[in-house]
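Undergrad: here is a sequence together with a model predicted from it:
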Amino acid sequence: MLKQFLAIAIAFMIGLTGELVLSLPATRLSDREISQQLQTIPGWQLRDQRIEKTFKFNNFIEAITFVNRLVTPAEFLGHHPDITINYNRVTLSLTTHEVGGLSNLDFDLAQQIDRLIP
């Protein structure tokens, strides 16, 4: 039964994103690792021990549609962004509370989020 569930979950995730994403357990990244990872996610900014990005849309409905699309990758990774919505702008902030800073989970989710934007 568990194997069937996992197969369905994996097929579902591949269908949504076009690829399978598997994350390693969260470990706090060094400053050097953070600098390297930031190069893989254009537009994201380092703020203290968080990465943030603001997405701008044509209207409120598009902004909320984007937020709703975040659910699947966030749930799949078991990692959830802090979200601020200001009419047509959505600001996302990522950090890994359990390690007290940034981890591979933050960068994995940031990459998945960026793929949601055509």
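TA: Done, it's in. Computed from a predicted structure; not experimentally measured. Numbering: from 1, shown residues only.

Undergrad: and stretch 87-97, average pLDDT?
TA: The average of the pLDDT scores along stretch 87-97 is 97.

Undergrad: so Ile51 makes contact with Gly43?
TA: No: with contact defined as CB atoms under 8 Å, Ile51 does not count as touching Gly43 (10.1 Å). Just so you know, the C-beta spots here come from the backbone N, C-alpha and C atoms, and that holds for glycine as well.

Undergrad: which one's more surrounded, these two?
TA: Set side by side, Ile51 and Gly43 show more neighbours around Ile51, with 23 against 11, by other CB atoms under 10 Å.

Undergrad: in this structure, which spans are helices?
TA: Applying DSSP state H to the chain gives helices spanning 2-17, 31-38, 60-69, 71-77, 104-114.

Undergrad: quick check: which helices or strands does the shortest one pack against?
TA: Counting contacts by 3 or more CB pairs under 8 Å, 6 or more residues apart in numbering; DSSP states H and E, helix 71-77 is packed against helix 2-17, helix 104-114.

Undergrad: so how far is Ile61 from Thr95?
TA: In this structure, Thr95 and Ile61 are 29 Å apart, going by CB to CB, to the nearest Å.

Undergrad: these two - which one has more neighbours?
TA: Applying other CB under 10 Å to Thr95 and Ile61 shows that Thr95 carries more neighbours, namely 21 against 10.

Undergrad: show me what contacts the more buried one?
TA: Gln49, Arg50, Ile51, Gly101, Leu102, Asp106 (CB atoms under 8 Å, 6 or more residues apart in numbering).

Undergrad: ok, now how distant is it from Ala26?
TA: Distance from Thr95 to Ala26, counting by CB to CB: 11 Å.

Undergrad: repeat for Gly78
TA: Counting by CB to CB, the gap from Gly78 to Ala26 is 9 Å.

Undergrad: picking that back up, any chance of the contacts of Thr95 in CSV, plus distance to Phe66 and pLDDT?
TA: Converted to CSV, the contacts of Thr95 look like this (distance: CB to CB, whole Å; pLDDT from 0 to 100):
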residue, distance to Phe66, pLDDT
Gln49, 25, 94
Arg50, 19, 97
Ile51, 17, 98
Gly101, 26, 96
Leu102, 23, 97
Asp106, 19, 97
